[in-house]
Each structure stands twice: as C-alpha cells, then as structure tokens.
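[1] Need a 3D model of the sequence below.
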Amino acid sequence: MNKLCKGRLWRFALVAGLALAGGAAAMAPGVAQAAYPDKPVTLVVPGPPGGITDQVGRLVAARMTEQFGVRVVVDNKPGAGGNLATEAVARAQPDGYTILMGTQGTMATNQFLYKALRFDTARDFIPVHGLVAIPNILVLNSTRPIQSVKELVAYAKANPGKLTVSSAGNGTGTHLAAELFQTQAGVKFVHVPYKGSAPSVNDLLGGQVDLTFDYPVSTLAHVQSGRLRALAVTGTSRLPQLPQVPTIAEAGYPGAESSSWIGLFFPAKTPAAMVSLWEADLTAMLADKGMTEAIVKMGAVPMPQGGERFAEYVKAERVKWKGIIQRSGATLD
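    Residues are numbered from 1 along each chain as shown. Next up, the predicted model:
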C-alpha cells in the first residue's frame, strides 16, 4: 500500500471515529461533509526561514504532505521571541488546519519573561508530539588552560565574577542553560548577552568572552577545527559528532541537564481525533531511519514522545524554567 492510499485511509478512519464519538455535532465545522484534511494545512513556525525550527518544520511539512495527499504549508512568523506566531495560532479556528511549531521558548519560558502576553500556553494549546531536542555545548576558547568541567568549576570558585559567559540574548536557551549550570555548580559568571548566537560565538573565538553554552549548529564546526574546546554536552546523551565529550551529568552535574526542544501544538478545542491522527503519524515519522539521520545532522536528537507524555514534559519544563528565570532576574519586557 502506498503512502498516499494510507493517508486516505487515515482520513476515512478519522471521520468515522468522529462520527462514532458524537456524530456530526462533535465535528469541527465542515468535517461532517468532507474527509480531513481536504485542504492545505498551515504549519506556523515562530522564526525566519533557515533556522533549525524552520528546518524541522519543513521536514514535518514534507512528510505530512506525502502522508495526507494534501499540502502542509510552512508559514514563517518571526518576531517578539516567537510570541507573534504563538498568539496567531492561539486565536486560530480549532478546526485542524492550523498548527504551531512550538519551542521551549514559546511554550515554556516566554510566559515568565514577558509580562503582557495575550495568551496562556497551558490553556490555549494542546501538546501533540515532541519532535527534536537540541542540547547546548559548553565551550570555551581553546587558548584557555581549562580542560574539564571540574577545572572550570574550581577556577570559577577561586575567582568569583572573573569568568564571562556569552549568550544569544537575555532569556534565550543559551542564557538559561548557563544560569542552570551556575545554580547547580554553585558558581557565578558575568553574563554578556548578544543579539544572536553568531556575534556571541564570534567574540568567544576572538577571546572577548570566556565561555558559552550554545547549540551544535553554532559551535560544532569550531570545536572540530580546534578553535573552541568542548567541555560537556547538556543533553542526556553524548553527541555522535563529539563522542569524546561527556554529558554534563557525566561531568558531575546531572541537575544541569537541559535541551531546547521543538514540538507540535494545536489550538485548544481542536477535535481529539485530529490530534490523535497527527500524533500517530509523527510517532511513525520519528521512527524512520532517514528522518532520524536528518535530525542528527542538525545537531539534534529525535524526541519520540507524544500525547500525555509530551504534555507532562511541557508542564515540567514550565516549572523548571520558571524558577531559573526568577533567580536570574531575566526579563524581556
């Protein structure tokens, strides 16, 4: 059976399931008359073309277009730390035709960084499925004599306030990963925020700052060239590209584990059968070897958790980062 036929059977099953669950009245407007989906689906990405969220979004859109036989269209809505895109989806009709590529920032930290959001991520969204997790790499300029996390912590404790840590900006995942590590290690760095990873890493390469916690896409090539030294990876497993670099837990600080993540979210009140349809196919997508290889090349790892498991993960992330943000004093208003 080809994938297009499979997708048509999924749509038939979805409509039948909705009918059994409560008849035409239980369906979103128009679903009683037509199989779902029978028109393009919009996948809203809270960032510009080219970034990792956009790259993952286009992988998902291509896969689901093939699966459904109906186009899934990527709509890039950058701005306000992802809040523009998030608000747009929160206000969209819950008819299964608008879905958000949510991130750690948009779904777990922005509500504590911005004081005037016009949506509530816990109330206004249904978590569908995690897609990828993106660890940070703790790196420093290779001219520095520090060779390990243990040496870094020892130096920082002996020289409080002397080491500088750069980030892609206040409240970003690169900033919060550093704050989490400092809390767990009992050290204090001087935070130097930049407007993006590129200038942050450039100044690290130039020796203007001492270290950073940034993503593989920004740091991996410089580690491999020898210009940066990687001390640890903040995710739960080592990176295939850097098998010699320990995880932050292996380096002695399991409480400092962190990864930015990307997942899919429907507006609240989207029919459960539609959500289940996406959840099931995304689970299959993330089990595909070709998809896994594409994700690993981005410096990420697949995040094979959907439904209630993903919802609980997002809930725990909100609790975790709320405390870190409050202790750091970070704000974006």
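[2] Which positions in the helix or strand where residue 309 lies come out as buried?
    Under the criterion of DSSP states H and E, residue 309 resides in helix 307-328. For helix 307-328, burial by neighbour count (16 or more other CB atoms under 10 Å) applies to 307, 310, 311, 313, 314, 317, 318, 321, 324, 325, 328. Placement of C-beta: from N, CA and C, glycine included.
[3] Residue 169 reaches residue 194, doesn't it?
    Yes - using CB atoms under 8 Å, residue 169 makes contact with residue 194 at a distance of 6.4 Å.
[4] quick one: which of these two has more around it?
    Just comparing residue 169 and residue 194: by other CB atoms under 10 Å the higher neighbour count belongs to residue 194, 22 against 18.
[5] In contact with the residue nearest to that one when sequence neighbours are not counted, which residues are there?
    Spatial nearest neighbour of residue 194, excluding adjacent residues (CB to CB, 6 or more residues apart in numbering): residue 200 at 4.1 Å. Neighbour list for residue 200: 166, 167, 168, 174, 192, 194, 209, 212, 214, 218 [criterion: CB atoms under 8 Å, 6 or more residues apart in numbering].
[6] Mind doing that once more with 6 Å?
    By CB atoms under 6 Å, 6 or more residues apart in numbering, residue 200 lies in contact with 166, 168, 194, 212.
[7] now do residue 61
    Contacts for residue 61 (CB under 6 Å, 6+ apart) come out as 43, 72, 74.
[8] quick revisit: TSV please, covering the buried residues of helix 307-328 and showing pLDDT and distance to residue 82.
    Formatted as TSV, these follow (pLDDT from 0 to 100; distance: CB to CB, whole Å):
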residue	pLDDT	distance to residue 82
307	92	23
310	97	18
311	97	19
313	96	18
314	97	15
317	95	15
318	96	15
321	94	14
324	91	18
325	92	16
328	85	19
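[9] mind putting the residues you listed in CSV, distance to residue 63 included?
    Listed next are these as CSV, based on distance: CB to CB, whole Å:
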residue, distance to residue 63
307, 19
310, 18
311, 22
313, 22
314, 22
317, 25
318, 28
321, 29
324, 34
325, 34
328, 37
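[10] Of those residues, which pair is most distant in space?
    307 and 328 (32.1 Å; CB to CB).
[11] Taking the centroid of the protein, which residue is nearest it?
    residue 261 (2.2 Å; CA atoms, centre = their mean).
[12] where exactly do the strands run in the stretch 101-250 of the chain?
    125-135, 137-141, 164-167, 190-193, 211-214, 228-233 (DSSP state E, counting those that start in this stretch).
[13] Pipe those into TSV and attach distance to residue 156 and mean neighbour count per row.
    Output for the strands of the stretch 101-250 of the chain, formatted as TSV (distance: least, CB to CB, whole Å; neighbours: other CB atoms under 10 Å):
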stretch	distance to residue 156	mean neighbour count
strand 125-135	21	24
strand 137-141	11	24
strand 164-167	10	24
strand 190-193	11	16
strand 211-214	10	28
strand 228-233	12	23
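[14] Nearest to residue 100 among those would be which one?
    Per CB to CB, nearest to residue 100 of the strands of the stretch 101-250 of the chain: strand 125-135, 7.0 Å.
[15] Who are the packing partners of that closest one?
    strand 259-267, helix 272-286, helix 307-328 (3 or more CB pairs under 6 Å, 6 or more residues apart in numbering; DSSP states H and E).
[16] Render the CA-only coordinates of the shortest one in CSV, please.
    Extracted C-alpha coordinates of strand 259-267, given in CSV (Å, rounded to 0.1, in the frame of the first residue of the first chain):
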residue,chain,number,x,y,z
SER,A,259,17.9,20.9,26.0
SER,A,260,16.0,23.3,23.9
TRP,A,261,13.1,21.4,22.2
ILE,A,262,10.6,21.7,19.4
GLY,A,263,7.2,20.1,19.2
LEU,A,264,3.8,20.5,17.6
PHE,A,265,0.8,22.1,19.3
PHE,A,266,-2.8,22.5,18.1
PRO,A,267,-5.1,25.3,19.3
